[in-house]
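**Q** predicted coordinates and the sequence they were generated for:
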Amino acid sequence: MIMNSLQDTIKLNNGVDMPRLGLGVFKVEDGQEVINSVKWALEHGYRSIDTAAAYKNEEGVGQALKDSGLNRDEIFVTSKLWNSDQGYEETLQAFEASLEKLGLEYLDLYLIHWPVEGKYKESWKAMEKLYHDGKIRAIGVSNFHPHHLDDLLKDAEVTPVINQVELHPKLAQQEVRDYCEKHDIVVEAWSPLMQGQILEEPVIQELAEKYNKTAAQIVIRWDLQIGIVTIPKSTKQHRIQENADVFDFELTDEEVVKITQLNENHRVGPDPDNFDF
C-alpha cells in the first residue's frame, strides 16, 4: 500500500479510519514541552496524537488540541488505561479522568496499556460498554502477545481494532503481526526508532545515504510499507517535521526485507509476559 501523505489512513475493523502516522508523547513532560510538541505536529499536518494516563501529560495534550483551532473530528486522539486502574468500575472511572484531563467529550481510541493478569478481561468489558455508549470510537490493546489476545477473544463481544506493541527492525514482531492479520487487528508500533538505538545500524545508514534521507525516515518508511501504524516521538520541531517527510520515496521490496532481517527479537522495553508495574 503506497502512502502519499501524512493524512493517509488505515481502516480499522469497525470501519473507523485512523491516520497511519502519528505523534507519540511518551516521556514528554506535561506543560509547555508537550504543548509545543503537539502544536508543532498539528501545524505540520499530523492528525493523530497518542498519549496515556501513565504519561501524565494528558492535560498538556488537551491544551494543545484546544489551542490548535482544528475541529475535534479532524484529530484522532488515543489514550490508554493504566495498570493500577484495571478492573470494571476502575476502568470506567479512569476513562472519565482521562477524558476530563484531555478536555474532550469522546476518545477516538482507548487501549488497555498492559495485559495485567486477572484484570484485563474485566477492563475490556468496561471498555466495550464505553464503546457501545459512544464514548470511544474504537477500542484496542497494547503489549498483548497472541496468547493474551486468544484469552481476551474467548469472551470479548468486540474484537480489538489495534494491538500497539514495541516494534522496530530489531524486534520485527512477525508472530504478533501474523496473528493480528489473521484476526483483522491492526498492529501499531511504539518505540519505532528503538529509542534512537536503531539509527546507527549500517544497513539503515546506507539506505539513508542512498535516498538522501535521515536514518529515522528510513525506519518510519519501513513501518509504513510493512503495513503498520507508527507513532514516532520527538520534542524538537525540526525532527517532528522530518519524521513526517517520508512520502517522496519508496523502499524496494528487497530493502524492506533487508531491514526486516535485522530482527534479533531484542526489546528495549519490558516483556509483556514479565512486567511488574
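**A** It's in. Numbering: from 1, shown residues only.
**Q** where exactly do the helices run in this protein?
**A** Ranges of helices within the chain are 32-44, 58-68, 88-102, 120-132, 146-155, 174-182, 202-211, 215-225, 237-243, 253-260, based on DSSP state H.
**Q** need the winner for burial among those.
**A** Comparing these by mean neighbour count (mean count of other C-beta atoms under 10 Å), helix 215-225 ranks first with a mean of 23. C-beta here means a position set from N, CA and C on the backbone, and glycine is covered the same way.
**Q** could you check the angle helix 253-260 makes with that helix?
**A** Angle of helix 215-225 versus helix 253-260, following axes from the mean of the first three to the mean of the last three C-alpha atoms, to 10 degrees, is 110 degrees.
**Q** would you check how far apart residue 132 and residue 164 are?
**A** Using C-beta to C-beta, to the nearest Å, we find residue 132 at a distance of 22 Å from residue 164.
**Q** next: residue 125.
**A** Counting by C-beta to C-beta, the separation of residue 125 from residue 164 is 20 Å.
**Q** same thing with residue 267?
**A** For residue 267, the distance to residue 164 equals 14 Å [C-beta to C-beta].
**Q** comparing these two, which shows the higher neighbour count?
**A** Higher neighbour count among residue 267 and residue 164: residue 164, with 29 against 15, using other C-beta atoms under 10 Å.
**Q** show me where this structure dips below the pLDDT cut-off.
**A** Counting by pLDDT under 70, the chain contains low-confidence ranges at 1-3.
**Q** same thing but 90
**A** Residues of the chain meeting the criterion pLDDT under 90: 1-5, 7.
**Q** export stretch 258-277 to CSV, keeping only CA atoms.
**A** Included here for stretch 258-277 are C-alpha records, laid out as CSV according to Å, rounded to 0.1, in the frame of the first residue of the first chain:
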residue,chain,number,x,y,z
LYS,A,258,16.8,-6.4,4.4
ILE,A,259,15.6,-4.2,7.2
THR,A,260,13.2,-6.9,8.5
GLN,A,261,16.1,-9.3,8.6
LEU,A,262,17.8,-7.1,11.2
ASN,A,263,15.4,-8.7,13.7
GLU,A,264,17.0,-10.2,16.8
ASN,A,265,13.9,-10.3,19.0
HIS,A,266,15.6,-7.6,21.0
ARG,A,267,13.4,-5.4,23.3
VAL,A,268,14.3,-2.0,24.8
GLY,A,269,11.1,-2.1,26.9
PRO,A,270,9.6,-4.8,29.2
ASP,A,271,8.3,-8.2,28.0
PRO,A,272,4.5,-8.4,28.3
ASP,A,273,4.9,-11.8,29.8
ASN,A,274,7.1,-10.5,32.6
PHE,A,275,6.5,-7.0,33.9
ASP,A,276,5.9,-5.9,37.5
PHE,A,277,4.3,-2.4,37.4
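**Q** pull out the buried residues from that stretch.
**A** 258, 259, 262, 272 (16 or more other C-beta atoms under 10 Å).
**Q** what sits against residue 213?
**A** By C-beta atoms under 8 Å, 6 or more residues apart in numbering, the residues touching residue 213 are 207, 221, 245, 246, 249.
**Q** give me that answer again for 7 Å
**A** Counting by C-beta atoms under 7 Å, 6 or more residues apart in numbering, residue 213 touches residue 249.
**Q** pull the number of nearby residues for the nearest residue in space to residue 262 that is not next to it in sequence.
**A** Nearest residue to residue 262, sequence neighbours excluded (C-beta to C-beta, 6 or more residues apart in numbering): residue 169, at 4.1 Å. Neighbour count of residue 169, defined by other C-beta under 10 Å: 24.
**Q** and residue 169, how far is that from residue 202?
**A** In terms of C-beta to C-beta, residue 169 sits 12 Å off from residue 202.
**Q** same check on residue 212?
**A** Taking C-beta to C-beta, one finds residue 212 at 17 Å from residue 202.
**Q** how about the closest residue to residue 260 other than its chain neighbours, phi and psi?
**A** Computed as C-beta to C-beta, 6+ apart, the closest residue to residue 260 that is not its neighbour in sequence is residue 172, at 5.2 Å. When read as degrees, to the nearest 10, the backbone of residue 172 gives phi -80, psi -10.
**Q** good, we can wrap up now.
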